[in-house]
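Enquirer: Give me a 3D structure for the following:
(chains A and B)
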Amino acid sequence: MSESPDVKVAPWTGPQRPYDILKEGTIALVVVAILTIGLAIVFSSPDDPQVTVQQWSTKAPIDFAQTALSELNGTSGTAQYGAPYNTASPGQKLGPFTLAKWLGATIPVNTVRDFVIDPLTDQPPTPTLSAALAQWKGAGAGQRTAWLDAYTKASSKMTFANGTVSVPTTAAGPVPVMINSLEQMARSGALDQALVTQSGFYTSNYTLPLLFLADGSYLGDLAQQRHLLGSQWGMMNETGSYPGQAWLWLYTFWYQIPPFSTSTNADVEVSAVMALLSVLLLLVPFIPGLRSIPRWTRVYRLIWRDHYRSQSA
Amino acid sequence: MSSTEIDRQWTTRLRHRLTRRLPPEKVLPDTQPAYVASWIYVFGVTTLSALGVVILSGFILALKGPQWWHVSGVGHFVNSLHLWSVEIFFFAMVIHLWSKYFMAAWRGGRSLTWVTGVVTFLVSIATAFTGYVSQTNFDSQWISTQAKDGINSTGVGSFFNVLNFGQMLMWHIVLLPLVAVLLTALHVVMVRAKGVVPPFEDKPSEEKLLREKEEAR
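Expert: Sure, this is the predicted structure:
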């Protein structure tokens, strides 16, 4: 064993004092229970209702339709995400390493199929929708791209009136019917169900509806109103004036300062910094210098002031 | 059967080892060193007590299922108990951790006690996080969709999908609490086995040395 005073300490042979560990534990438990009950009565806990796709498409129909279009033409956040959802992007890099890409698309999401075509196909068929889907499925990739380009170009003039999404173009093939049908499906609440039940009757996996919601602006706008954006110290907060996950302050802190605040690889870089700091904290007893700080700072004199006072008496 | 044969049994050897390392007076002590006399020592037992309330309130929430607290006033109150006991737990744990740092509490062969404490802290953060994404409300939607990018960027998202409510709930109520409680138990056993770290042996002050010299004369 090292002879360093930061490692070694002689066993205590000095005086003892009475100590009732069970009484201490019982008192602590009672005090903490009373404190918890008091805080729960006074402050309660936040429970803002979940956002549904139905709510989104009803309150922000244009945002929903634009997001549906981005899933179809491959410009949405999910469509361009990379691993673990697809291979559209190499993902974030930590130096030369693309950690997510190495593990691959283990949770495959095809935004065209999963967010648009499959839900529409599961709808009770109408002649218009069936014809539009048949036209889409029968077309080649070039034709689909041409339709989507035409619709995308005109989408800045998208309007929503009388429950219908309209875009001023005649060159978009079946796309206007598909977008409008998805809008109707969403507003009826059927899309919420369709997105979670694609893998069967019983499910507890909300990956698809959450990705779809996150691709739109509506969820983020609500979060901004509640001061929950990344630039507002993000996910360590929760709705209302509650402390949230305050223990994540250091993790969230890095996102607020350069170079992380401007880096396109901020997520993986911050994760690496936190992993390194966690390892350092774990190994403090074995790291010369770090383990000496307590002795140098002499904060322990405050903690054991009675002991040192009695020694110098 | 010879006594040698009995002494060589696994059970006997384990019992001997346990009673040697953890005699009853260490497990349930009725005295402790005189230097253990600061309010800062309260935060260890406060952390343990808060963990008890967290687990108890979590049990009640588990009995009724994940949607109960959204539709019942009693359920919402139990959720509030769960939330605030978690806040107290982390508050006490962080103060406990830093106080142990400034005591250099790893000295005297207590390094593993420190290591188990830090791992418990990290596992607790993961446990709380999976709770936040399992709330089935706006908070869980927003936190999970934001957190996915950090977790996915490291590759961990390939097998730890924060958007999968069922998976997160299982991690929150089974896997991580099991690990956290086992680590906490191990940590407490280590503290009891090794005892509370003694103070640094400061060199006596010149004033004290002079006084001792004078007394010796």
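Enquirer: Measure how buried the residue in chain B that chain A sits nearest to is and give me the count.
Expert: The minimum distance from chain B to chain A, using C-beta to the nearest C-beta, falls at residue B:166 (2.8 Å). Every residue, glycine included, has its C-beta placed from N, CA and C. A count of neighbours around residue B:166, defined by other C-beta atoms under 10 Å in any protein chain shown, yields 15.
Enquirer: same thing with the one 5 residues further on?
Expert: In terms of burial, residue B:171 registers 22 neighbours under the definition other C-beta under 10 Å.
Enquirer: quick one: what helix or strand has the residue lying closest to it once chain neighbours are set aside in it?
Expert: Among residues not flanking residue B:171 along the chain, residue B:130 sits closest, at 4.6 Å (C-beta to C-beta, 6 or more residues apart in numbering or on different chains). Assigned by DSSP states H and E, residue B:130 belongs to helix B:111-132.
Enquirer: Next: residue A:65.
Expert: helix A:61-73.
Enquirer: where along chain B do the strands fall?
Expert: Taking DSSP state E, the strands of chain B run over residues B:31-33.
Enquirer: Break it down into its domains, please.
Expert: Under the assignment automatic domain parsing, the domains of chain B span B:39-92, B:104-194.
Enquirer: okay if I get those domains as CSV plus distance to residue A:245 and mean pLDDT?
Expert: Shown next, in CSV, are the domains of chain B (distance: least, C-beta to C-beta, whole Å; pLDDT from 0 to 100):
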stretch, distance to residue A:245, mean pLDDT
domain B:39-92, 8, 97
domain B:104-194, 6, 96
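Enquirer: residues in contact with residue A:306?
Expert: B:35, B:37-38 (C-beta atoms under 8 Å, 6 or more residues apart in numbering or on different chains).
Enquirer: Buried residues, stretch B:56-69. List them.
Expert: B:57-58, B:60-61, B:66, B:68-69 (16 or more other C-beta atoms under 10 Å in any protein chain shown).
Enquirer: For the residues you listed, work out which two are farthest apart.
Expert: B:57 and B:66 (14.0 Å; C-beta to C-beta).
Enquirer: What distance do you get for the residue positioned nearest the centre of chain B to residue B:92?
Expert: Centroid-nearest residue in chain B, with C-alpha atoms, centre = their mean: residue B:184, separated by 4.2 Å. According to C-beta to C-beta, to the nearest Å, residue B:184 stands 13 Å off from residue B:92.
Enquirer: From the buried residues of stretch B:56-69, list the ones also adjacent to chain A.
Expert: B:57, B:69 (C-beta under 8 Å from any C-beta of the partner chain).
Enquirer: Adding distance to residue B:144, write the buried residues of stretch B:56-69 out as JSON lines.
Expert: Conversion of the buried residues of stretch B:56-69 to JSON lines gives the following (distance: C-beta to C-beta, whole Å):
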{"residue": "B:57", "distance to residue B:144": "22"}
{"residue": "B:58", "distance to residue B:144": "19"}
{"residue": "B:60", "distance to residue B:144": "24"}
{"residue": "B:61", "distance to residue B:144": "19"}
{"residue": "B:66", "distance to residue B:144": "14"}
{"residue": "B:68", "distance to residue B:144": "20"}
{"residue": "B:69", "distance to residue B:144": "18"}
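Enquirer: The residue of chain B closest to chain A against residue A:202, yeah?
Expert: No. Using C-beta atoms under 8 Å, residue B:166 makes no contact with residue A:202, being 9.5 Å away.
Enquirer: can you list the domain ranges for chain A.
Expert: A:21-44+A:283-312, A:53-210, A:226-282.
Enquirer: Let me have those domains in TSV, extended by distance to residue B:116.
Expert: Output for the domains of chain A, formatted as TSV (distance: least, C-beta to C-beta, whole Å):
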stretch	distance to residue B:116
domain A:21-44+A:283-312	12
domain A:53-210	28
domain A:226-282	10
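Enquirer: now those domains as CSV including mean pLDDT?
Expert: As requested, the domains of chain A are arranged in CSV below (pLDDT from 0 to 100):
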stretch, mean pLDDT
domain A:21-44+A:283-312, 95
domain A:53-210, 94
domain A:226-282, 89
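Enquirer: and among these, the most buried is which?
Expert: Neighbour counts (mean count of other C-beta atoms under 10 Å in any protein chain shown) averaged over each of the domains of chain A peak at domain A:53-210, with a mean of 18.
Enquirer: ok so, going back, which ones are touching the closest residue to the residue nearest to the centre of chain B other than its chain neighbours?
Expert: Distances taken as C-beta to C-beta, 6+ apart put residue B:120 closest to residue B:184, at 5.6 Å, once the chain neighbours are dropped. Each residue near residue B:120 by C-beta under 8 Å, 6+ apart is listed here: B:180, B:183-184, B:187.
Enquirer: Also residue B:194?
Expert: Per C-beta under 8 Å, 6+ apart, neighbours of residue B:194: B:108-110, B:113.
Enquirer: again, only using 6 Å
Expert: Residue B:194 makes contacts with residue B:110, as judged by C-beta atoms under 6 Å, 6 or more residues apart in numbering or on different chains.
Enquirer: can you check residue B:125 too?
Expert: Contacts of residue B:125 (C-beta under 6 Å, 6+ apart): none.
Enquirer: Point out the residues in the stretch 101-250 of chain A that sit beside chain B.
Expert: A:103, A:106-107, A:204-207, A:210, A:214, A:223, A:228, A:234-235, A:238-239, A:243, A:247 (C-beta under 6 Å from any C-beta of the partner chain).
Enquirer: mind redoing it with 8 Å?
Expert: Residues of the stretch 101-250 of chain A lying near chain B (C-beta under 8 Å from any C-beta): A:102-104, A:106-107, A:203-207, A:210-211, A:213-214, A:219, A:222-223, A:226, A:228, A:230, A:234-235, A:238-239, A:242-243, A:245-248.
Enquirer: related to what we said a few turns ago, output the domains of chain B in CSV, with distance to residue A:170 appended to each entry.
Expert: Below are the domains of chain B laid out as CSV (distance: least, C-beta to C-beta, whole Å):
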stretch, distance to residue A:170
domain B:39-92, 47
domain B:104-194, 37
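Enquirer: closest one to residue A:10 among those domains?
Expert: Comparing the domains of chain B by C-beta to C-beta, domain B:104-194 comes nearest, at 7.9 Å.
Enquirer: which SSE is the residue in chain A that chain B sits nearest to in?
Expert: Residue nearest to chain B within chain A: residue A:204 (2.8 Å; C-beta to the nearest C-beta). Residue A:204 is part of no helix or strand when elements are defined by DSSP H and E.
Enquirer: Contact partners for it?
Expert: B:164-167, B:169.
Enquirer: and the residue lying closest to residue B:53 once chain neighbours are set aside, how many neighbours?
Expert: Distances taken as C-beta to C-beta, 6+ apart put residue B:85 closest to residue B:53, at 3.9 Å, once the chain neighbours are dropped. When counting by other C-beta under 10 Å, one arrives at 27 neighbours for residue B:85.
Enquirer: Could you report the separation of residue A:8 from residue A:255?
Expert: Distance from residue A:8 to residue A:255, by C-beta to C-beta: 41 Å.
Enquirer: Other residues contacting the biggest helix by length in chain A?
Expert: Of all the segments of type helix in chain A, defined by DSSP state H, the longest one is helix A:21-43. Residues outside helix A:21-43 that contact it (C-beta under 8 Å, 6+ apart) are A:242, B:28-30, B:42, B:45-46, B:48-50, B:52-53, B:57, B:77, B:80-81, B:83-85, B:87-88.
Enquirer: going on from that helix, what's the next piece of helix or strand?
Expert: helix A:53-59.
Enquirer: same for that following helix, what does it pack against?
Expert: helix A:61-73, helix A:175-188, helix A:190-196, helix A:207-215, helix A:218-225 (3 or more C-beta pairs under 8 Å, 6 or more residues apart in numbering or on different chains; DSSP states H and E).
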